[in-house]
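Undergrad: I'll drop the sequence and a predicted model, then ask my questions.
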Amino acid sequence: MEFLNILIARFRALLRRDKVLNEIDEEMKAHIELEADANRERGMTPEEARRSAMESFGNVGSIRDLAYDVKGGGFLETLWQDVRYCGRMLLKHPSFTLIIVLTLALGIGANTAIFSIVNAVLLRPFPYQSPEQLVMIGEGAAGASVSYPNFADWKDDRNIFSSTSAVRGNENFNLTGAGEPERLQGRLVSAGFLSVLGVSPALGRDFLVEDDRPGVTPTTIISYGLWSRRFASDQGVIGKQITLNNQSFTVIGVAPRGFEFEQPADVSVPIGLSADRFKARGSDPGIRVVARMKSGVALQEAQTQLNVIYQRLEQEYPKSNTGRRAYLTSLQESFVGDVRQPLLILLGSVGLVLLIACANVANLLLVRASTRRREISVRVALGASRWRIIRQLLTESIMLSLIGALLGMLVAYWGTSLVANQLPAEIPRLSQANIDSRVLTFTIGVSLVTGLLFGLAPAIQSSRLNLTDCLKEGDRGASGSRQYLRSALVVCEVALTLTLLVGAGLLVQSFRKVLQVDPGFNARSLLTMQVSVNNPDGNQVASFFRQLQENVTRIPGVTAFGISNGLPLGVANHPTFFIQGRPLPEPGQETGAVRYTVSPGYFEAMGIQLKRGRVFTSQDTPETPLVMVIDEALAQYFQNEDPIGKQISQSRDGSPKYEIVGVVGHVEQNNLESQGVRTPQFYLAFNQIPPDRLPGYVRRINLLSRTNVDPSSLTSAVRDQIAALNKDQAVFNVRTMEEIVGQSVAPRRFSMMLLSVFALCALALASIGIYGVMSYAVAQRTREIGLRMTLGAQRGNVLRLVIGDGMKLTLAGVLLGVVAALALTRTIKSLLFGVSATDPVTFISIAFLLLLVALLACWVPARRATKVDPMIALRYE
Amino acid sequence: MTNPKADLLQGTLDMLILKALSLGPLHGYGVIQRLRTMSDNMLHVEQGALYPALYRIELKGWVSGKWGENETGRRAKFYKLTKAGQRQLKIEEESWDRLALVVAKMREAT
């Protein structure tokens, strides 16, 4: 209580200066008047009485100041004094201050930037109600898709989940009617999608069970963005009709502002409308399922309960469900599980950079502390306690770090968007990275810790001085323990730098290895784009593509043209396949392959090599026998037999059968990092799709144009050909194949680049650190070096002496760093590709790089040492 | 001792103020008066110097101040010794006595 009173009094004094001063004035006035009263009683005239009272009171002004200091005094007043004093000291040495503040601003700023991304992506709770109750469900594996009929069998089981919804993102919708035709990304969901997440629509209502079945009036919920963009935020949009894929939908709701769930979507549509598409109990096409667990049910428990249902389904549908089990993942894990580790590694690395920056700043302060010894000894001589000195020096370092943090916020503000732009856009909530109260707390916390970290050692050092020694010795005191401390700091700096460099080196190596992977196709000079054709007449669709093929190949610069339903380095279908004439595999033991449906020109356009047989030709039509081209990985299933002429079916009952006519090279499908694990692939002929089924195939189809010029220069020419055939045909996702390859390695490139930048910063800081310590050591040993030279030491000896000392420190740091790196690189193992976490080449070359840089950093002060004139050095007293 | 106030160490002044207040609440001017009487006019404290010391011990919680009126109706701040102040006075008196004893012994020895 007493302490609190004092604190309140002090705050009051500091904040309400006038009031406190008034009170003091009043009290002093009362005192003087009391004395004057007494004087008058003793018979003085009123003027005399007053003057005498004033005289005996003393100097009113200075007493007033003194009294105020006491009242506001103690902690806060001293703090304010210290701050003013530090301000003056820092302004007196502007370059020193600037270097430190800038170092800290970069260090703290980079940390804030990375933390604000970590905060947005990993820490901030999802904007759904009780997100910890939400889970994603996969069949066969965590994160896998679920078959819609299976989902329908348990979605209403209220023993496990209080609510469930199917979600299928990445659906395409062509919005036509009023205004420009527009291709929209959409999602299929089941009834109650928004209520599962505990989100209420900004306008209108959620889907009801009545909306979510085949044959009812189609309804849609549009995104807030689409509502404001396309409908000018019209409140009356509910009940309006919009045309999606040539079908009329009634708008029943508007999603809340900023609503996100996995892939972006401008329109949501009940999945029940197209339940036909999902009637197969296999895995293709699958849906994703989000569910809210009943409160108090643990994830593991829910999974066990759900699998009781799956055991029943297994008995009921052995063909599709044998061995199939459900896997639950928390929403958090499902959304950000993949990015957590890379982000935390980056946060850790940027923290190391800040540590190195701290070591450097501490070193600078130590140098300065030695030039300030006189000042400090005078203060001590005048009665400042040791604690008082430490406090003042710490105030100074914390002030420096706070100024650094302030500037760092600017760095972070700019850095966050810079970093976020480099990050793959699929990372959820990345766009929401900003500086909020948590980031602010983090930054202030970091800067206070930073200030203490780099300020504590120098402050304690400085306060522990021997007064008489100091005053006698003047500015040049050679303090052994201080030099020792500085050396220790350099050793740590080098060790941390080596760790970061090795980490970055391993990532660079991995990136190079990934780019060296042969994707199985030629990514150069290849233009890709997507169209979504909405025409129920299969014959018209077929002729559209036939015509397009002819027209595009006539464009000068286009050497080949192909059509495909999927592209490498993306998501693909994985249907099962059955080689005819072989025993059927046990249910659940089937093998899957990636299926592409392509036009004859596809292989040439992609640059996929034909190994045996033939590829498709225009003679393959719906009327001719079904043919198939397989890749080398699938060909291995035939062991020593010749696959050409053999038959494969996609279904267990063996119909329809496809005859293998050719074998082509394997293509990397998911990414370039399969590391030799090759999922078989097979190709079906686009031209053999019967006209009645063709419209279903062309909802999203890729057009590939191989060129002998810069591929992007032909974009408009190809677009013109499409428009000439159908002016309403929307074209989207225009990319060169090289861009697609680039995008597929973007996350890897991002971590590599950022870690490299951090490592280079660390290297620069460490070399400055080594340089600083060696320069200081040379300056301190000027006399000794002069003496050695007088006694006959050659320049070479002196050079060796200084460089030797510096290299000893570096070597110690390198050894320490190798040990640290061996321990730490294990954490980035999952980010490595084709290189081991203890790759000796990386370790050795990085160690040499560091030694080389350190050599350079020592070279400059060593040269200076050799220039010492012995005569001057000896007189240097 | 030509100039006692110059030698009046801070701690001593604190103790004297506490002593003065131990006889009853006083305003600042009253403290000065009482110090004079108590020291038979041998101790002259610069009157103004009293206040910083008074505020310091007020913050330490040894005395508590309250505005009031004196017998002639003048407004002044009256200070009263707190429990903590009484304890502090005892501690300081004891240590002062010890010091005086030591000094006396040393003087006798020479």
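TA: It's in.
Undergrad: Run through chain B and note the low-pLDDT ranges.
TA: For chain B, residues meeting the criterion pLDDT under 70 lie at B:1-11, B:110.
Undergrad: For chain A, what's the nearest residue on it?
TA: B:G48 (3.7 Å; C-beta to the nearest C-beta). Quick note: C-beta positions are derived from backbone N, CA and C, even for glycine.
Undergrad: ok, residue 70 - how many residues close by?
TA: Reading this off chain A. By other C-beta atoms under 10 Å in any protein chain shown, 21 other residues sit near A:V70.
Undergrad: oops, I was thinking of chain B
TA: The burial count for B:N70: 16, using other C-beta under 10 Å.
Undergrad: That one touches A:L34, doesn't it?
TA: Yes: judged on C-beta atoms under 8 Å, B:N70 makes contact with A:L34 at a distance of 7.3 Å.
Undergrad: what is in contact with these two at once?
TA: Here B:N70 and A:L34 have B:27, B:76 as joint contacts, going by C-beta atoms under 8 Å, 6 or more residues apart in numbering or on different chains.
Undergrad: top strand in chain A by residue count?
TA: strand A:161-176 (DSSP state E).
Undergrad: What segments of chain B are strands?
TA: With strands called from DSSP E, chain B shows them at B:26-27, B:63-69, B:75-81.
Undergrad: let me fix that: the stretch 651-800 of chain A
TA: Using DSSP state E, counting those that start in this stretch, the strands of the stretch 651-800 of chain A run over A:657-664, A:681-685, A:701-707, A:731-736.
Undergrad: for chain A, what are the nearby residues on chain B?
TA: Neighbours of chain A within chain B, by C-beta under 8 Å from any C-beta of the partner chain: B:27-29, B:46-49, B:51-52, B:55-56, B:59-61, B:70, B:72, B:74-77, B:84.
Undergrad: Got a PyMOL select line for the buried ones in those residues?
TA: Entered in PyMOL, the line below selects the buried ones among the residues of chain B next to chain A, by 16 or more other C-beta atoms under 10 Å in any protein chain shown:
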select buried, chain B and resi 27+28+29+47+48+49+51+52+55+56+59+60+61+70+76+77
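Undergrad: where do the helices sit along chain B?
TA: B:4-7, B:10-22, B:28-38, B:50-59, B:83-109 (DSSP state H).
Undergrad: and those as a markdown table, adding distance to A:R292?
TA: Below are these laid out as a markdown table (distance: least, C-beta to C-beta, whole Å):
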| stretch | distance to A:R292 |
| --- | --- |
| helix B:4-7 | 80 |
| helix B:10-22 | 69 |
| helix B:28-38 | 72 |
| helix B:50-59 | 58 |
| helix B:83-109 | 60 |
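Undergrad: Can you say which of those is packed in most?
TA: Most buried of the helices of chain B by mean neighbour count (mean count of other C-beta atoms under 10 Å in any protein chain shown) is helix B:50-59; its value is a mean of 22.
Undergrad: helices or strands next to it in the packing?
TA: Judged by 3 or more C-beta pairs under 8 Å, 6 or more residues apart in numbering or on different chains; DSSP states H and E, helix B:50-59 is in contact with helix A:2-15, helix A:17-41, helix A:60-72, helix B:10-22, helix B:28-38, strand B:63-69.
Undergrad: what angle do it and helix A:60-72 make?
TA: Relative orientation of helix B:50-59 versus helix A:60-72 (axes from the mean of the first three to the mean of the last three C-alpha atoms, to 10 degrees): 10 degrees.
Undergrad: from the chain's centre, how far out does helix B:50-59 sit?
TA: Distance, stretch centre to chain centre, for helix B:50-59: 10 Å (C-alpha atoms, centre = their mean, to the nearest Å).
Undergrad: Just the C-alphas of that helix, formatted as CSV.
TA: Taking Å, rounded to 0.1, in the frame of the first residue of the first chain, the C-alpha atoms of helix B:50-59 are listed here in CSV:
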residue,chain,number,x,y,z
LEU,B,50,13.2,21.9,5.9
TYR,B,51,10.7,21.3,3.1
PRO,B,52,12.6,19.0,0.8
ALA,B,53,13.5,16.9,3.8
LEU,B,54,9.9,17.0,5.0
TYR,B,55,8.6,15.8,1.6
ARG,B,56,11.2,13.1,1.5
ILE,B,57,10.1,11.6,4.8
GLU,B,58,6.5,12.1,3.9
LEU,B,59,7.1,10.0,0.7
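Undergrad: Specify the angle between that helix and helix B:28-38 in degrees.
TA: Between helix B:50-59 and helix B:28-38, the angle comes out at 100 degrees (the same axes, to 10 degrees).
Undergrad: what's the angle between helix B:50-59 and strand B:75-81?
TA: Going by the same axes, to 10 degrees, helix B:50-59 makes 50 degrees with strand B:75-81.
Undergrad: What distance do you get for the most centrally placed residue in chain B to A:A777?
TA: Centroid check for chain B by C-alpha atoms, centre = their mean gives B:I17 as the closest residue, at 1.6 Å. Per C-beta to C-beta, to the nearest Å, B:I17 is found 56 Å from A:A777.
Undergrad: Buried residues in stretch A:624-638, which are they?
TA: By 16+ other C-beta under 10 Å, the buried positions in stretch A:624-638 come out as A:626-635, A:637-638.
Undergrad: start to end distance for that stretch?
TA: Stretch A:624-638 has its terminal residues 25 Å apart, counting by C-alpha to C-alpha, to the nearest Å.
Undergrad: try stretch A:773-789
TA: Stretch A:773-789 has an end-to-end distance of 22 Å (C-alpha to C-alpha).
Undergrad: domain parsing for chain A?
TA: Each domain of chain A is listed here as a residue range: A:2-72, A:93-127+A:340-477, A:141-324, A:481-513+A:738-877, A:533-729, per automatic domain parsing.
Undergrad: how about the strands of the stretch 651-800 of chain A in CSV, adding mean neighbour count and mean pLDDT?
TA: Formatted as CSV, the strands of the stretch 651-800 of chain A follow (neighbours: other C-beta atoms under 10 Å in any protein chain shown; pLDDT from 0 to 100):
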stretch, mean neighbour count, mean pLDDT
strand A:657-664, 20, 94
strand A:681-685, 23, 93
strand A:701-707, 23, 93
strand A:731-736, 16, 87
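Undergrad: right, and the ones you listed - which one's nearest A:R88?
TA: For A:R88, the closest of these is strand A:731-736, at 59.3 Å, according to C-beta to C-beta.
Undergrad: who's in contact with that closest one?
TA: The contact list for strand A:731-736 (C-beta under 8 Å, 6+ apart) reads A:183, A:526-532, A:711-712, A:715, A:719, A:722, A:743.
Undergrad: relative orientation of it and strand A:701-707 in degrees?
TA: Angle of strand A:731-736 versus strand A:701-707, following the same axes, to 10 degrees, is 40 degrees.
Undergrad: strands paired with strand A:731-736, and their directions?
TA: Partners of strand A:731-736 in the sheet, by DSSP bridges, are strand A:526-531 (antiparallel).
Undergrad: quick check: angle from the partner strand to strand A:161-176?
TA: Using the same axes, to 10 degrees, strand A:526-531 lies at 100 degrees relative to strand A:161-176.
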